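Q: Below: sequence and its predicted model.
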Amino acid sequence: MTDFPTDAANALIALALAEDLGEAGDVTSLSTIPADRAGRATFAVRTPGVVCGLPVIALVLGQLHAAVAVTLHVADGTPCERGTRLATVEGPLRAILTAERTALNFLQRLSGVATLTRKYVDAVAGLPVALLDTRKTTPGWRLLEKYAVRRGGGTNHRVGLYDGVLIKDNHLAGMPDPRTAVTDAIAAARSHPASRHLPIEVEVDTLDQLDEALASRPAIVLLDNMTNEQLRDAVARRNAVAPGVLLEASGGVNLATVRGIAETGVERISVGAITHSATALDIGLDYDS
């Protein structure tokens, strides 16, 4: 994939190899495998899911300076059944053994995120709603996990604090006048040099706050922990006074509730679980020779 975050991956791979190899290196492989011994092995899925992170295999081997040939059999974002061959590696056996766990750690984590994202996307299939991630990511892994969300069919929210304004409840609590906090916060974001050219989103948890927000016409209003009845009411209010403002639902979203939320008419649903609660997909490396 052309949008694979190679630089971010290489930085994490360097850290992973450093903690795995220490000063002595892979002492088990060095002491048991002859230096000239070649091998061939295949990465394969052991439980069904959406595979993601395959470019990491070559990047790991590249940092080990290993002359191992990597052949990919599927592309990132491919739904795979148990037993699907993902990639074959062929070359010095020591290098393959040293790279195995680091490569698998990346593949399993990113495939887990892509797999869970696809479950949510499938749950709202046919409805005009975007399924978004959040900033609830593993520290240092954000670009990779957001890539996995895309490969799972989801949509990325802002990458960080620098590329979008999201005025949350704690920001509103810090405003001087609580009676006009929503209005004042939006006006302040629009006028500040650091944020005035960025999309502005404001979080509300009551319909009264929503009405105040809609009067200021932010790009997006985040509806936090509202019932489906409240969400439908919010959509009706938005349609009546500010049809250009997008509505995003968040809080209490899981696979059992997401479709009902989408059916209320909101355009966006953000789900922290797709990154912070994804289970690693079971992927293994099987030796052919």
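A: Arrived safely. Values in this document were obtained by computation on a predicted structure and should not be read as measured data. Residues are numbered from 1 along each chain as shown.
Q: only C-alpha atoms for contact and neighbour calcs from this point on.
A: OK.
Q: what about this protein, any weak spots by pLDDT?
A: 1-2, 289 (pLDDT under 70).
Q: Got the domain ranges for it?
A: Domains of the chain are assigned by automatic domain parsing as 6-117+278-287, 122-276.
Q: For the shortest one, measure first residue to last.
A: In other words, domain 6-117+278-287. One end of domain 6-117+278-287 sits 27 Å from the other (C-alpha to C-alpha, to the nearest Å).
Q: Please apply the same query to stretch 73-90.
A: 14 Å.
Q: ok, back up a step: as a markdown table, the domains of the chain with mean neighbour count would be great.
A: Output for those, formatted as a markdown table (neighbours: other C-alpha atoms under 10 Å):
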| stretch | mean neighbour count |
| --- | --- |
| domain 6-117+278-287 | 19 |
| domain 122-276 | 18 |
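Q: From what I see, Val121 and Leu131 are in contact.
A: Yes - with contact defined as C-alpha atoms under 8 Å, Val121 counts as touching Leu131 (6.4 Å).
Q: Now for those two: what residues contact both?
A: Common contact partners of Val121 and Leu131 (C-alpha atoms under 8 Å, 6 or more residues apart in numbering): Gly154.
Q: Just confirm Ile261 is within a strand.
A: No - counting by DSSP: H, G, I helix; E, B strand; the rest coil, Ile261 is located in no strand; its state is helix.
Q: in the stretch 151-289 of the chain, which spans are strands?
A: 165-167, 200-204, 220-224, 246-250, 268-270, 283-287 (DSSP state E, counting those that start in this stretch).
Q: Among these, which comes closest to Gly22?
A: Gly22 lies closest to strand 283-287 among these, at 23.1 Å (C-alpha to C-alpha).
Q: quick one, phi/psi of Val45?
A: Val45 has phi and psi values of phi -80, psi 130 when expressed as degrees, to the nearest 10.
Q: what are the bridge partners for it, then?
A: Note on Val45: beta-bridge partners by DSSP bridges are Ile283.
Q: Now the element after the longest helix along the chain, going C-ward?
A: For the chain, the helix that runs over the most residues, judged by DSSP state H, is helix 93-123. Scanning forward in sequence from helix 93-123 by DSSP states H and E, the next helix or strand is strand 130-132.
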